[in-house]
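*Asks:* I would like the atomic coordinates for the input below:
(chains A and B, ligands or ions: 1)
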Amino acid sequence: MSERASVPKEDESAAESEQEPVTTGAQSVIRALENAGTDYVFGVQGGAIMPVYDALYDSDINHVTMAHEQGASHAADAYGIVTGDPGVCFATSGPGATNLVTGIADANMDSDPVIALTGQVPTEFVGNDAFQETDTVGITQPITKESYFASDPDTVGDDVSEAFALADAGRQGPTLVDLPKDVTQGDTEVEPGTPQTPETYDVPEEADDADVQEAAEALAEADRPVILSGGGVIKANASNALREFAMEYEVPVITTMPGIGSFPEDHELSLEWAGMHGTGYANLAITNTDCMLAIGTRFDDRLTGGVDSFAPDAEVIHVDIDPAEISKNVYADYPLVGDAREVLRQLFDAMPRAPDADEWREQCQEWKSEYPMTYDTPDDEPLKPQYVVETFSDMTPDDTIVCTGVGQHQMWASQFWEYTEPRTWVSSHGLGTMGYGVPAAIGAKLAAPDQEVVCFDGDGSFLMTVQGLSVAVREQLDITYVVLNNEAVGMVRQWQDGFYEGRRMASEYPWIPQFDKLAEAFGARGFTLESHDNVEETIQEAREYDGPSVIDAHIDPGENVFPMVPSGGDNGLFALNEAQLDMI
Amino acid sequence: MPGPTPDERMRPKGRRNTQGIRVDPEAEVTHEPRQAVLSALVKHRPGVLSEVSALFSRRQFNIESLTVGPTVDEDTARMTILIEEPEPGIDQAKKQLRKLVPVISVSELEGGAVRRELALVKVSGEKPDDVNAVADMYNGQAVDASTDSVTVEITGSKQKIDAAIEAFKQFDVQEIVRTGAAALERGPNTLEKDV
Ligand SMILES: Cc1ncc(C[n+]2csc(CCOP(=O)(O)OP(=O)(O)O)c2C)c(N)n1
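*Replies:* Now for the predicted structure:
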């Protein structure tokens, strides 16, 4: 949707047929984005970024005004996850830039491609504590692949091109370009070059053939092999290669949480995802494997629990595009540095035979029947959150995109929804950012307008970025928000009950608004769910409404997330209920 | 019907140490910290030093000294970084450094690399001859003198400088500045490509 207003274009047809030469730094910035294929930019206006917005006025790039810059960076992040291409966000200097920071840090932790362009005070004021000045490069340097300070109208376009290419290259991640107002206002006729990564940035493609051969032989020798598929598999568009490999050699597949969707959860070989709240069978398999082919994962502590007990008997084959991930948290016996899709292809060809693992696969199936993902029956009142998620999952097509906030609802959404396609799970993993859901769903919907988008949120998370509803309403985005409302920051309350003797300090929120009415106030449709009786029909109504809707689902406030591996614990010793927490 | 309780589940015997390395539970291996001299070629531009030092502080690498200065190529600077870490930490430090965009190459210099540090020591000027005599012992040189003070320059290994400073204490040390180590590989090897 175009947001240009007021001044009619003088000559629409001329602008369409041929690009005008650039005359300012700002135009060069926009040209760089156009050259890189940008369709959408998420942002908020402001003094220092105004020249860039002014240049955007003449561009075909769509701009989505967000209600808060945090939302701009999350929307760009989700856009990047769903499309695979960098999402772009704009903010003005000072508070605009600092509001972006959470989303940038989030993208950094999850290796999501995002480019952030921030306004900055004119160069002559930089360092003088001028109005709305902050050291944006200094603040963001540790949470980006690189933060650039643009210093010249002649090179600013290239800075943006490079930032774009860098965000997308190798292990994806966020980059930032800080744009002083005089630089964007300054005259230039220099067109930006094609996006290129900096010369010091090497991206490995294929792994060494001899190393691949050794790794393949180790895997073929294994008695209890597993594949651990991380978010990197999705980023590398390697999901198909993974499926082919796993099915050909019949190796059970566990995903990490960011890897959800890289392998179909309804397939026999799938053990779904492992980690703190992963399935019992995935955690048992990961604990007992003797050879793990780990691809595109950084062995986050929510996955590994305590490393001392993580896959303690396993030889680890670690495929990653980032050499610094090799042996960072878990030692790799067979490091394979390269693009996941390429390396999977190499491994496919190098495998001497399938591992002889019938017994192991049977064992895995047995664990599936011993530890099914269940909850108390849905006829139980009050309403069970798992039932809401499961029902919704059953009603929607496979390519439906699920976004979430952070907390218990995020875990239920990952446990009880059945994921079969990559890029359909959009969540904040590494940073665990409450408030991610509302704007992420906006980014996801714009990235995939033909796919259904649902956002499961918690009441706490929803409140953090609820203002984003105004954007969803303005853009008429067909998103179904489901607030799994337990009148608490439930995940914290669960930990307080489990590990702090039930001292519920600051975790209960009995004063939250009526979310259905709040939705209506924003111009969205609001629904309330109080029992399991009308779950299906309410979901159906919300789905059918052509625009954003919010279902305020009053769920059992006593419901907790299980299985659970306590922080730093042993994955194999997951607890299935509160009582088992005391046993481990 | 839930499956076996935690204590009844299948589990292997193995274990990893805190560095994620599989260990024989009978014979625990720990990696003792050692000193490593890292030499990095970086783009000579504003912000590089803070990027590198922020990396070290953020990742909690124990940094002993960090020096930086331009090379013959005016667009390139060389950093010498001394860290003390267990082996996996040293490996990580190198890899993380290589990831930084302005970093051109990184290598660890061998134990025998030429390592020098410079110190300027300002002491009381009451006994200039005695100060000179001590400076001589450490191949040092007085570089400034006034009625009240003498400033001596000393270069050498960290140990030599530590010893010299100890010796100068008899003259009432007023101020000290030390650079931290600068180092180069012995022989014809130069640092252009990653080693
Ligand atoms: C920005 C932010 N602040 C605080 C936290 C700590 N935290 C983690 S989960 C959680 C509870 C989330 O509550 P809610 O969104 O209501 O979801 P629920 O757990 O109830 O499903 C909190 C407070 C966080 N992850 N992010």
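
*Asks:* For chain B, what's the nearest residue on chain A?
*Replies:* The nearest approach of chain A to chain B comes at A:Glu370, 3.0 Å away (C-beta to the nearest C-beta). For glycine as for every other residue, the C-beta is placed from the backbone atoms N, C-alpha and C.

*Asks:* Torsion angles phi and psi at the closest residue to that residue other than its chain neighbours?
*Replies:* Spatial nearest neighbour of A:Glu370, chain neighbours left out: B:Gly3 (3.0 Å); criterion: C-beta to C-beta, 6 or more residues apart in numbering or on different chains. For B:Gly3, the backbone dihedrals are phi -70, psi -170 (criterion: degrees, to the nearest 10).

*Asks:* Just the local confidence number for B:Gly3, please.
*Replies:* The per-residue pLDDT reported for B:Gly3 equals 89.

*Asks:* how about it, what does it touch?
*Replies:* A:280, A:367, A:370-371, A:576, B:9 (C-beta atoms under 8 Å, 6 or more residues apart in numbering or on different chains).

*Asks:* top of these by neighbour count?
*Replies:* A:Gly280 (28 neighbours; other C-beta atoms under 10 Å in any protein chain shown).

*Asks:* That one and A:Phe574 touch, don't they?
*Replies:* Yes - using C-beta atoms under 8 Å, A:Gly280 makes contact with A:Phe574 at a distance of 5.7 Å.

*Asks:* what do those two both touch?
*Replies:* A:Pro563.

*Asks:* was I right about A:Asp223 contacting A:Asp358?
*Replies:* No - using C-beta under 8 Å as the test, A:Asp223 is too far from A:Asp358 to be in contact (10.1 Å).

*Asks:* Same drill for these two, tell me which one is more crowded.
*Replies:* Neighbour tally, A:Asp223 and A:Asp358, criterion other C-beta under 10 Å: the higher count belongs to A:Asp223, 12 against 9.

*Asks:* Tell me the residue of the stretch 101-250 of chain A that sits nearest the ligand?
*Replies:* Relative to the ligand, the nearest point of the stretch 101-250 of chain A is A:Thr102 (7.2 Å; C-beta to the nearest ligand atom).

*Asks:* what residues are up against that residue?
*Replies:* By C-beta under 8 Å, 6+ apart, the contact list for A:Thr102 reads A:70, A:73-74, A:431, A:433, A:435.

*Asks:* again, only this time at 10 Å
*Replies:* Residues near A:Thr102 by C-beta atoms under 10 Å, 6 or more residues apart in numbering or on different chains: A:69-71, A:73-74, A:143, A:428, A:431, A:433-436, A:464.

*Asks:* Please apply the same query to B:Val123.
*Replies:* B:Val123 makes contacts with B:130-131, B:134-135, B:142, B:149-152, B:168-176, as judged by C-beta under 10 Å, 6+ apart.

*Asks:* so which strand or helix has it?
*Replies:* strand B:114-124 (DSSP states H and E).

*Asks:* That strand - what's its average pLDDT?
*Replies:* Strand B:114-124 shows a mean pLDDT of 95.

*Asks:* Check stretch A:533-548 too.
*Replies:* Throughout stretch A:533-548, pLDDT has a mean value of 97.

*Asks:* do stretch A:127-136 as well
*Replies:* Per-residue pLDDT values over stretch A:127-136 give a mean of 96.

*Asks:* what comes into contact with that stretch?
*Replies:* By C-beta under 10 Å, 6+ apart, the list of residues contacting stretch A:127-136 reads A:46-48, A:91-98, A:100-101, A:116, A:118-122, A:124-126, A:140-141, A:147, A:149, A:176-179.

*Asks:* Let's see the distance spanning that stretch from one end to the other.
*Replies:* 11 Å (C-alpha to C-alpha, to the nearest Å).

*Asks:* buried set for that stretch?
*Replies:* Judged by neighbour count (16 or more other C-beta atoms under 10 Å in any protein chain shown), stretch A:127-136 contains these buried residues: A:132-134, A:136.

*Asks:* Spell out which residues of the stretch 301-450 of chain A are next to the ligand.
*Replies:* A:405-409, A:432-435 (C-beta under 6 Å from any ligand atom).

*Asks:* picking that back up, now the residue of the stretch 101-250 of chain A closest to the ligand, what's its secondary structure?
*Replies:* helix (DSSP: H, G, I helix; E, B strand; the rest coil).

*Asks:* Give the closest residue to the residue most central in space within chain B in space, chain neighbours not counted.
*Replies:* What sits nearest the mean C-alpha location of chain B, by C-alpha atoms, centre = their mean, is B:Leu82, with 1.4 Å. Spatial nearest neighbour of B:Leu82, excluding adjacent residues (C-beta to C-beta, 6+ apart): B:Glu64 at 4.0 Å.

*Asks:* quick check: angle from the helix or strand the one you found falls within to strand B:114-124?
*Replies:* According to DSSP H and E, B:Glu64 maps onto strand B:63-70. For strand B:63-70 against strand B:114-124, the angle by axes from the mean of the first three to the mean of the last three C-alpha atoms, to 10 degrees is 100 degrees.
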